[in-house]
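Trainee: Quick one: sequence and predicted model below, then my questions.
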Amino acid sequence: MVWYIDEIPDYILTSGYAYLLYRIRRSNDPYFSTPFYVFFVTTGIGGIVSVYTHTLAARIIYYPDTAFIYTLLFIISHIGALSSTLGKAIIIMHRYLVFSNADLVENRWSKKTCRRLICLQFVVPLLTSVPLLFFGYSYQTIDGQTAIYSLSEQGILIMKVFNGSVYAVYSVFSILLVTLTGRGLIRLSRLVEGPTRKIILEQQRSMFIVVMACSLSHLVKALHQFAWGLSSLLGPAELTNKIWPFVQARHNVNFTRQIQGPCTSYGDNFCFLSHDIMVHLFFHSILLIAISFWYR
(Lines give C-alpha, C1' and ligand atoms only; values in the text may rest on other atoms or scores of the structure.)
Protein backbone atom coordinates (compact mmCIF):
# COMPACT_ATOMS: atom_id res chain seq x y z
CA MET A 1 0.00 0.00 0.00
CA VAL A 2 2.35 2.70 -1.23
CA TRP A 3 -0.12 4.43 -3.56
CA TYR A 4 -0.38 7.43 -1.25
CA ILE A 5 3.30 8.36 -1.70
CA ASP A 6 2.94 9.58 -5.29
CA GLU A 7 -0.45 11.21 -4.53
CA ILE A 8 0.83 13.45 -1.73
CA PRO A 9 1.83 16.19 -4.26
CA ASP A 10 -1.71 16.01 -5.65
CA TYR A 11 -3.32 16.62 -2.29
CA ILE A 12 -0.91 19.35 -1.19
CA LEU A 13 -0.86 21.30 -4.45
CA THR A 14 -4.56 20.86 -5.14
CA SER A 15 -5.33 22.31 -1.71
CA GLY A 16 -2.93 25.19 -2.41
CA TYR A 17 -4.60 25.71 -5.78
CA ALA A 18 -8.01 25.86 -4.13
CA TYR A 19 -6.72 28.50 -1.69
CA LEU A 20 -5.30 30.50 -4.59
CA LEU A 21 -8.68 30.49 -6.36
CA TYR A 22 -10.39 31.54 -3.14
CA ARG A 23 -8.05 34.52 -2.70
CA ILE A 24 -8.56 35.61 -6.32
CA ARG A 25 -12.35 35.56 -5.99
CA ARG A 26 -12.24 37.37 -2.65
CA SER A 27 -9.96 40.11 -3.94
CA ASN A 28 -11.40 43.61 -4.40
CA ASP A 29 -8.90 44.42 -7.14
CA PRO A 30 -10.91 44.98 -10.36
CA TYR A 31 -8.07 43.42 -12.35
CA PHE A 32 -9.07 40.03 -10.94
CA SER A 33 -12.51 40.49 -12.50
CA THR A 34 -11.16 40.45 -16.04
CA PRO A 35 -12.11 37.50 -18.30
CA PHE A 36 -8.74 35.82 -17.82
CA TYR A 37 -9.19 35.45 -14.07
CA VAL A 38 -12.89 34.61 -14.36
CA PHE A 39 -12.03 31.58 -16.47
CA PHE A 40 -8.89 30.86 -14.46
CA VAL A 41 -11.18 30.33 -11.46
CA THR A 42 -13.87 28.29 -13.26
CA THR A 43 -11.20 26.14 -14.91
CA GLY A 44 -9.47 25.59 -11.59
CA ILE A 45 -12.72 24.57 -9.93
CA GLY A 46 -13.29 21.98 -12.66
CA GLY A 47 -9.79 20.58 -12.24
CA ILE A 48 -10.01 20.37 -8.44
CA VAL A 49 -13.43 18.69 -8.55
CA SER A 50 -12.09 16.17 -11.06
CA VAL A 51 -9.11 15.27 -8.86
CA TYR A 52 -11.10 14.73 -5.66
CA THR A 53 -14.02 12.84 -7.20
CA HIS A 54 -11.67 10.56 -9.15
CA THR A 55 -9.77 9.80 -5.95
CA LEU A 56 -13.00 8.99 -4.10
CA ALA A 57 -14.10 6.69 -6.92
CA ALA A 58 -10.73 4.92 -7.13
CA ARG A 59 -9.85 4.53 -3.45
CA ILE A 60 -13.18 3.46 -1.93
CA ILE A 61 -14.73 0.05 -2.49
CA TYR A 62 -18.29 0.22 -3.85
CA TYR A 63 -20.84 -2.58 -3.87
CA PRO A 64 -23.92 -3.02 -6.09
CA ASP A 65 -26.17 -1.26 -3.55
CA THR A 66 -23.93 1.86 -3.72
CA ALA A 67 -23.35 1.72 -7.48
CA PHE A 68 -25.20 5.01 -8.00
CA ILE A 69 -22.58 6.81 -5.88
CA TYR A 70 -19.80 5.32 -8.01
CA THR A 71 -21.54 6.44 -11.21
CA LEU A 72 -22.21 9.90 -9.78
CA LEU A 73 -18.54 10.34 -8.89
CA PHE A 74 -17.49 9.36 -12.40
CA ILE A 75 -20.00 11.81 -13.90
CA ILE A 76 -18.76 14.66 -11.71
CA SER A 77 -15.14 13.76 -12.47
CA HIS A 78 -15.88 13.75 -16.21
CA ILE A 79 -17.62 17.13 -15.99
CA GLY A 80 -14.72 18.60 -14.02
CA ALA A 81 -12.02 17.27 -16.35
CA LEU A 82 -13.76 18.32 -19.56
CA SER A 83 -14.75 21.74 -18.20
CA SER A 84 -11.11 22.27 -17.23
CA THR A 85 -10.02 21.46 -20.79
CA LEU A 86 -12.64 23.78 -22.30
CA GLY A 87 -11.70 26.48 -19.81
CA LYS A 88 -8.05 26.40 -20.80
CA ALA A 89 -9.04 26.55 -24.46
CA ILE A 90 -11.15 29.65 -23.69
CA ILE A 91 -8.25 31.23 -21.78
CA ILE A 92 -5.91 30.65 -24.72
CA MET A 93 -8.46 32.11 -27.14
CA HIS A 94 -8.91 35.18 -24.93
CA ARG A 95 -5.17 35.80 -24.77
CA TYR A 96 -4.98 35.54 -28.55
CA LEU A 97 -7.76 38.15 -28.91
CA VAL A 98 -5.97 40.48 -26.49
CA PHE A 99 -2.81 40.38 -28.59
CA SER A 100 -4.70 40.69 -31.86
CA ASN A 101 -5.05 44.45 -31.26
CA ALA A 102 -2.41 46.99 -30.34
CA ASP A 103 -4.48 48.48 -27.48
CA LEU A 104 -4.00 45.28 -25.38
CA VAL A 105 -7.37 45.65 -23.65
CA GLU A 106 -8.14 42.78 -21.27
CA ASN A 107 -11.92 43.13 -21.32
CA ARG A 108 -12.44 41.81 -24.82
CA TRP A 109 -15.62 40.10 -23.71
CA SER A 110 -18.58 41.62 -21.90
CA LYS A 111 -19.92 40.08 -18.69
CA LYS A 112 -22.82 38.66 -20.69
CA THR A 113 -20.44 36.93 -23.08
CA CYS A 114 -18.42 35.55 -20.17
CA ARG A 115 -21.57 34.13 -18.56
CA ARG A 116 -22.52 32.43 -21.81
CA LEU A 117 -19.05 30.92 -22.17
CA ILE A 118 -19.17 29.68 -18.56
CA CYS A 119 -22.51 28.00 -19.29
CA LEU A 120 -20.96 26.43 -22.37
CA GLN A 121 -17.95 25.32 -20.32
CA PHE A 122 -20.11 23.26 -17.95
CA VAL A 123 -23.23 22.39 -19.98
CA VAL A 124 -21.28 20.60 -22.74
CA PRO A 125 -19.51 18.27 -20.24
CA LEU A 126 -22.83 17.67 -18.49
CA LEU A 127 -24.50 16.58 -21.74
CA THR A 128 -21.59 14.33 -22.73
CA SER A 129 -21.71 12.62 -19.32
CA VAL A 130 -25.23 11.24 -19.90
CA PRO A 131 -23.96 7.97 -21.52
CA LEU A 132 -22.16 7.14 -18.27
CA LEU A 133 -25.56 6.35 -16.77
CA PHE A 134 -25.95 3.40 -19.14
CA PHE A 135 -22.49 1.84 -19.26
CA GLY A 136 -22.90 -0.77 -16.54
CA TYR A 137 -20.06 -2.19 -14.42
CA SER A 138 -17.29 -4.73 -14.19
CA TYR A 139 -17.19 -6.66 -10.91
CA GLN A 140 -14.64 -8.37 -8.68
CA THR A 141 -14.87 -10.50 -5.57
CA ILE A 142 -13.46 -9.07 -2.33
CA ASP A 143 -13.67 -11.17 0.86
CA GLY A 144 -16.43 -13.24 -0.66
CA GLN A 145 -18.53 -10.21 -1.63
CA THR A 146 -19.19 -8.87 -5.11
CA ALA A 147 -17.74 -5.36 -5.50
CA ILE A 148 -17.57 -2.92 -8.36
CA TYR A 149 -14.21 -3.00 -10.14
CA SER A 150 -14.86 -0.31 -12.75
CA LEU A 151 -17.29 0.76 -15.42
CA SER A 152 -17.90 -1.81 -18.15
CA GLU A 153 -15.04 -2.40 -20.57
CA GLN A 154 -17.11 -1.16 -23.51
CA GLY A 155 -18.03 2.01 -21.63
CA ILE A 156 -14.43 2.71 -20.66
CA LEU A 157 -13.31 2.21 -24.25
CA ILE A 158 -15.97 4.66 -25.48
CA MET A 159 -14.85 7.28 -22.95
CA LYS A 160 -11.20 6.77 -23.89
CA VAL A 161 -11.98 7.36 -27.55
CA PHE A 162 -14.04 10.44 -26.68
CA ASN A 163 -11.41 11.88 -24.33
CA GLY A 164 -8.65 11.17 -26.82
CA SER A 165 -10.57 13.03 -29.53
CA VAL A 166 -11.19 16.00 -27.24
CA TYR A 167 -7.52 16.23 -26.25
CA ALA A 168 -6.42 15.88 -29.87
CA VAL A 169 -8.58 18.87 -30.84
CA TYR A 170 -7.38 20.79 -27.78
CA SER A 171 -3.72 20.06 -28.58
CA VAL A 172 -3.98 21.36 -32.15
CA PHE A 173 -6.05 24.37 -31.05
CA SER A 174 -3.77 25.37 -28.16
CA ILE A 175 -0.49 24.93 -30.05
CA LEU A 176 -1.84 26.98 -32.97
CA LEU A 177 -3.18 29.85 -30.87
CA VAL A 178 -0.19 29.94 -28.49
CA THR A 179 2.11 30.19 -31.52
CA LEU A 180 0.02 32.98 -33.09
CA THR A 181 -0.16 34.79 -29.75
CA GLY A 182 3.62 34.60 -29.37
CA ARG A 183 4.04 36.08 -32.84
CA GLY A 184 1.63 38.85 -31.88
CA LEU A 185 3.63 39.58 -28.75
CA ILE A 186 6.86 39.86 -30.75
CA ARG A 187 5.16 42.14 -33.28
CA LEU A 188 3.72 44.43 -30.60
CA SER A 189 7.01 44.63 -28.69
CA ARG A 190 8.55 46.30 -31.75
CA LEU A 191 5.81 48.93 -31.88
CA VAL A 192 5.68 49.91 -28.22
CA GLU A 193 6.54 53.51 -27.41
CA GLY A 194 6.51 55.38 -24.13
CA PRO A 195 7.07 54.16 -20.54
CA THR A 196 3.39 53.41 -19.85
CA ARG A 197 3.04 51.24 -22.91
CA LYS A 198 6.20 49.38 -21.99
CA ILE A 199 4.82 48.63 -18.52
CA ILE A 200 1.61 47.27 -20.06
CA LEU A 201 3.59 45.17 -22.50
CA GLU A 202 5.71 43.71 -19.71
CA GLN A 203 2.53 42.77 -17.86
CA GLN A 204 1.09 41.16 -20.98
CA ARG A 205 4.32 39.25 -21.54
CA SER A 206 3.98 37.75 -18.06
CA MET A 207 0.36 36.86 -18.78
CA PHE A 208 1.40 35.14 -21.98
CA ILE A 209 3.97 33.05 -20.11
CA VAL A 210 1.29 32.01 -17.60
CA VAL A 211 -1.11 31.02 -20.38
CA MET A 212 1.62 29.12 -22.20
CA ALA A 213 2.54 27.26 -19.00
CA CYS A 214 -1.11 26.31 -18.43
CA SER A 215 -1.37 25.11 -22.00
CA LEU A 216 1.80 23.00 -21.74
CA SER A 217 0.67 21.45 -18.46
CA HIS A 218 -2.57 20.35 -20.07
CA LEU A 219 -0.72 18.96 -23.08
CA VAL A 220 1.10 16.64 -20.66
CA LYS A 221 -2.31 15.41 -19.53
CA ALA A 222 -3.32 15.02 -23.17
CA LEU A 223 -0.29 12.78 -23.80
CA HIS A 224 -1.31 10.69 -20.80
CA GLN A 225 -4.80 10.28 -22.26
CA PHE A 226 -3.39 9.29 -25.66
CA ALA A 227 -1.16 6.64 -24.04
CA TRP A 228 -4.10 5.40 -21.98
CA GLY A 229 -6.27 5.07 -25.07
CA LEU A 230 -3.57 3.38 -27.14
CA SER A 231 -2.89 0.85 -24.41
CA SER A 232 -6.55 -0.19 -24.57
CA LEU A 233 -6.75 -0.33 -28.36
CA LEU A 234 -3.42 -2.08 -29.02
CA GLY A 235 -2.98 -4.10 -25.87
CA PRO A 236 0.07 -3.83 -23.57
CA ALA A 237 2.39 -6.15 -25.52
CA GLU A 238 1.71 -4.68 -28.96
CA LEU A 239 1.86 -1.13 -27.58
CA THR A 240 5.29 -1.59 -26.01
CA ASN A 241 6.64 -3.20 -29.17
CA LYS A 242 5.43 -0.27 -31.28
CA ILE A 243 6.13 2.88 -29.23
CA TRP A 244 8.37 1.88 -26.33
CA PRO A 245 11.23 -0.15 -27.83
CA PHE A 246 13.45 -0.05 -24.77
CA VAL A 247 10.84 -1.99 -22.77
CA GLN A 248 10.89 -5.70 -23.59
CA ALA A 249 7.56 -7.31 -22.80
CA ARG A 250 6.35 -10.87 -22.57
CA HIS A 251 2.58 -11.22 -22.79
CA ASN A 252 1.12 -14.59 -21.86
CA VAL A 253 -0.93 -15.43 -18.77
CA ASN A 254 0.77 -12.66 -16.81
CA PHE A 255 2.15 -9.50 -18.34
CA THR A 256 5.81 -9.02 -17.35
CA ARG A 257 7.72 -5.80 -17.89
CA GLN A 258 11.50 -5.77 -18.16
CA ILE A 259 12.70 -2.22 -17.50
CA GLN A 260 16.26 -1.18 -18.18
CA GLY A 261 18.19 1.37 -16.12
CA PRO A 262 19.69 1.89 -12.63
CA CYS A 263 16.32 1.50 -10.90
CA THR A 264 16.27 -2.22 -11.79
CA SER A 265 18.73 -2.80 -8.95
CA TYR A 266 15.85 -2.17 -6.55
CA GLY A 267 13.09 -4.09 -8.35
CA ASP A 268 10.29 -3.43 -10.84
CA ASN A 269 7.99 -1.89 -8.20
CA PHE A 270 10.61 0.71 -7.36
CA CYS A 271 11.02 1.56 -11.06
CA PHE A 272 7.29 1.97 -11.50
CA LEU A 273 6.89 4.09 -8.36
CA SER A 274 9.88 6.33 -9.13
CA HIS A 275 8.64 6.93 -12.68
CA ASP A 276 5.15 7.74 -11.36
CA ILE A 277 6.55 10.26 -8.88
CA MET A 278 8.73 11.81 -11.59
CA VAL A 279 5.73 12.35 -13.89
CA HIS A 280 3.71 13.87 -11.04
CA LEU A 281 6.49 16.27 -10.08
CA PHE A 282 7.04 17.25 -13.71
CA PHE A 283 3.37 18.16 -14.09
CA HIS A 284 3.27 20.11 -10.83
CA SER A 285 6.52 21.94 -11.62
CA ILE A 286 4.77 23.36 -14.68
CA LEU A 287 1.74 24.26 -12.58
CA LEU A 288 4.00 26.09 -10.11
CA ILE A 289 5.12 28.39 -12.91
CA ALA A 290 1.61 29.82 -13.03
CA ILE A 291 1.51 30.13 -9.22
CA SER A 292 4.89 31.89 -9.18
CA PHE A 293 3.63 34.52 -11.62
CA TRP A 294 0.57 35.03 -9.45
CA TYR A 295 2.88 35.68 -6.51
CA ARG A 296 4.93 38.06 -8.63
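Mentor: Thanks, I have the structure now. Small disclaimer: the values here were computed from a predicted structure and weren't measured.

Trainee: Go through the particular helix or strand that has residue 169 in it and flag the buried ones.
Mentor: Using DSSP states H and E, residue 169 falls within helix 153-189. Residues 155, 159-160, 163-164, 166-167, 170-171, 174, 177-178, 181, 184-185, 188 are the ones in helix 153-189 that count as buried (16 or more other CB atoms under 10 Å). Yep, even glycine has a C-beta here, placed from its N, CA and C like the rest.

Trainee: Same check on stretch 69-89?
Mentor: 70-71, 73-89.

Trainee: residue ranges for the strands of the chain, please.
Mentor: 137-142, 145-151, 248-251, 255-258 (DSSP state E).

Trainee: Between those strands, which has the poorest mean confidence score?
Mentor: Among those, strand 248-251 carries the lowest mean pLDDT, at a mean of 37.

Trainee: Buried residues, stretch 58-70. List them.
Mentor: Here stretch 58-70 shows 62, 70 as buried, counting by 16+ other CB under 10 Å.

Trainee: Outside of it itself, list whatever touches it.
Mentor: 3, 57, 137, 139, 142, 145-148 (CB atoms under 8 Å, 6 or more residues apart in numbering).

Trainee: biggest separation within the residues you listed, which pair?
Mentor: 3 and 146 (23.1 Å; CB to CB).

Trainee: Low-confidence regions, the stretch 51-200 of the chain specifically.
Mentor: 102, 189-198, 200 (pLDDT under 70).

Trainee: Residue 42 against residue 121, yeah?
Mentor: Yes. Residue 42 lies in contact with residue 121 (CB atoms under 8 Å); the separation is 6.2 Å.

Trainee: shared neighbours, these two?
Mentor: 83, 87.

Trainee: Tell me which stretches of this structure form helices.
Mentor: 3-26, 35-59, 67-99, 111-128, 153-189, 195-234, 236-243, 268-295 (DSSP state H).

Trainee: Does the first one pack against any helices or strands, and if so which?
Mentor: Packing partners of helix 3-26 (3 or more CB pairs under 8 Å, 6 or more residues apart in numbering; DSSP states H and E): helix 35-59, helix 268-295.

Trainee: Lowest average confidence across those helices, which one?
Mentor: With a mean of 63, helix 268-295 has the lowest mean pLDDT of the helices and strands packed on helix 3-26.

Trainee: distance of residue 219 from residue 39?
Mentor: 18 Å (CB to CB, to the nearest Å).

Trainee: Compare these two (neighbour count), which wins?
Mentor: Between residue 219 and residue 39, residue 39 has the larger neighbour count (other CB atoms under 10 Å), namely 24 against 18.

Trainee: That one and residue 120 touch, don't they?
Mentor: No. Contact criterion CB under 8 Å: residue 39 and residue 120 do not qualify, at 11.2 Å.
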